[in-house]
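In: next one to model:
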Amino acid sequence: MGEELGGAARGSEKAAETAVGLVDEERRAALLRRITEEGGFAYVSSAEKAASGDLRAAEAAREMAWEQLHSGPWHEVVPAWREAYAMACLHVAELRAGAGERKEALRALDMGLIMGGPLLRRDLDAAVERIAAGKGSENDAVANVGDCADKWWEGISKNRDLAEALSILPSRSLSCKNVEKQSSLSLETFIYDYFLRDSPVIISGCIDHWPAMTRWKDIEYLKRVAGDRTVPIEVGKNYLCSEWKQELITFSQFLERIQSTNCPANLPYLAQHPVFDQIRELRDDIMIPDYCFAGGGELRSLNAWFGPLGTVTPLHHDPHHNLFAQVVGRKYIRLYPASASENLYPHAESMLSNSSQVDLDNIDYQEFPKVEGLDFIDCVLEEGEMLYIPPKWWHYVRSLSTSFSVSFWWSATASSLQGT
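Out: Here you go, the predicted structure:
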């Protein structure tokens, strides 16, 4: 018994040494000084104990930082507290891993990646890689794969018949103008014919070489590389509904929900989340298309959109250029130009001003008469296709099967748009 306790103590000491080594002393000391200046004396005290191997102190420090992250609107959170939360997550993770609690350690690191600041991101990534590489058996990550593989493929292949798909789409779908399609479009043609003209276009033949095109259809692969990772999901019809909520679950739990949930009010959706910054294995499965460098700007956001048949992103617009790549399944997308904004009844609240009050699945023409007869363009985006959506163009998106998409948002420099 004494030998077992001694071994556990040595493991805790080793984990503490590793935790301290994760963040160099200069950065660590500077961050603690910033937290002290913000009145976080109790946090600093707990962080010092955590660095010496005290798990209870590490959890206490993480809880204190968590409370600061939720003390008001997100944009008002003091950046130092985001960094403090990340540091506490690092301490918790290393101590949990040292005790053999691998899944709890990964969850702590994922929370640090999701909620923490940029200062310690590389440290968090390195810890994830080290702890994930040290896993013992992969059986947990791929458990029951054989039992659910058929359901997985059924979800991907649902509504392959377009006539059946049309029956669940908003009225007048695919009866107006269709989005233009081009195969293997040159960058120069894209810039002059679409980018500078603010004109949507579907591009095919440019992502067939992505490993994601085959790997993401393999549920065993997804569970193996991401099964134990924690991700934020949306639950409900869409973010404008009162029943809508967010949850934190593991990727494996999310995959199971995709296959078992049929109620529209409880659909799980991994929506607009930078999962590729969090799970590097998935990031390695895709590549940034050359089109995203049009305009001489920079990539602003790389997000995942992953969910079952029936998930909906309501009518809205975004501030950046958007290249939307369809990797698994198919989606229906309807677009209205920026000039139609007044007729689409944007929400008055500033937080939702980029979203329309009009529910395209059930339009109330008495309340929103200007929508009736309003021209739009639409399409069914198939696997291997990318849709370019210019800034401020309104778009509605519905999954016609289990669907995994990637959106690339980028900005252009003002000089690149002169003379257009």
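In: SS state for residue 114?
Out: Three-state assignment for residue 114 (DSSP: H, G, I helix; E, B strand; the rest coil): helix.
In: next: residue 335.
Out: Recorded secondary structure, residue 335: strand (three-state DSSP).
In: quick test: name the residue nearest the centre of this protein.
Out: residue 273 (1.5 Å; CA atoms, centre = their mean).
In: wait, doesn't it sit right on residue 232?
Out: Yes. With contact defined as CB atoms under 8 Å, residue 273 reaches residue 232; the gap is 6.0 Å. Using the backbone N, CA and C atoms, a C-beta is placed for each residue, glycine as well.
In: hang on, the earlier thing: please name the bridge partners of the residue nearest to the centre of the chain.
Out: Bridge pairing for residue 273 (DSSP bridges) gives the partners residue 304.
In: need the contact list for it.
Out: Counting by CB atoms under 8 Å, 6 or more residues apart in numbering, residue 273 touches 231, 232, 303, 304.
In: quick one: it from residue 87, how far?
Out: Distance, residue 273 to residue 87, by CB to CB, to the nearest Å: 23 Å.
In: likewise residue 241?
Out: Counting by CB to CB, the separation of residue 241 from residue 87 is 37 Å.
In: of these two, which one has the most company?
Out: Neighbours were counted for residue 241 and for residue 87 using other CB atoms under 10 Å; residue 87 has more, 32 against 14.
In: isn't there a helix covering the more buried one?
Out: Yes. With three-state DSSP as the criterion, residue 87 is part of a helix.
In: just checking, it touches residue 44?
Out: No. Between residue 87 and residue 44 there is no contact under CB under 8 Å: 10.5 Å.
In: hey, what's in contact with both of the two?
Out: When CB under 8 Å, 6+ apart defines a contact, no residue borders residue 87 and residue 44 alike.
In: residues contacting residue 80?
Out: 31, 34, 35, 37, 38.
In: C-alpha coordinates for stretch 217-226, PDB please?
Out: Extracted in PDB, the C-alpha atoms of stretch 217-226 (Å, rounded to 0.1, in the frame of the first residue of the first chain):
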ATOM      1  CA  LYS A 217     -17.200   9.100 -44.500                       C
ATOM      2  CA  ASP A 218     -15.500   6.600 -42.300                       C
ATOM      3  CA  ILE A 219     -17.000   6.700 -38.800                       C
ATOM      4  CA  GLU A 220     -14.200   4.600 -37.400                       C
ATOM      5  CA  TYR A 221     -11.700   7.100 -38.600                       C
ATOM      6  CA  LEU A 222     -13.600  10.100 -37.100                       C
ATOM      7  CA  LYS A 223     -13.900   8.300 -33.700                       C
ATOM      8  CA  ARG A 224     -10.300   7.300 -33.700                       C
ATOM      9  CA  VAL A 225      -8.900  10.800 -34.400                       C
ATOM     10  CA  ALA A 226     -11.500  12.900 -32.600                       C
END
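In: so for it, mean pLDDT?
Out: Mean per-residue pLDDT for stretch 217-226: 94.
In: now swap in stretch 329-338 and tell me
Out: Confidence over stretch 329-338 (mean pLDDT, whole number) is 95.
In: so how far is the first residue of that stretch from its last?
Out: Terminal residues of stretch 329-338 are spaced 28 Å apart (CA to CA, to the nearest Å).
In: ok, now stretch 399-407?
Out: 15 Å.
In: so which bits of it are buried?
Out: For stretch 399-407, burial by neighbour count (16 or more other CB atoms under 10 Å) applies to 399, 400, 401, 402, 403, 404, 405, 406, 407.
In: which residue ranges of the stretch 151-300 of the chain form helices?
Out: Using DSSP state H, counting those that start in this stretch, the helices assigned to the stretch 151-300 of the chain run over residues 162-166, 187-190, 212-215, 219-226, 251-260, 275-278, 280-283.
In: lowest average confidence across those, which one?
Out: Averaging pLDDT over each of the helices of the stretch 151-300 of the chain puts helix 162-166 lowest, since it has a mean of 65.
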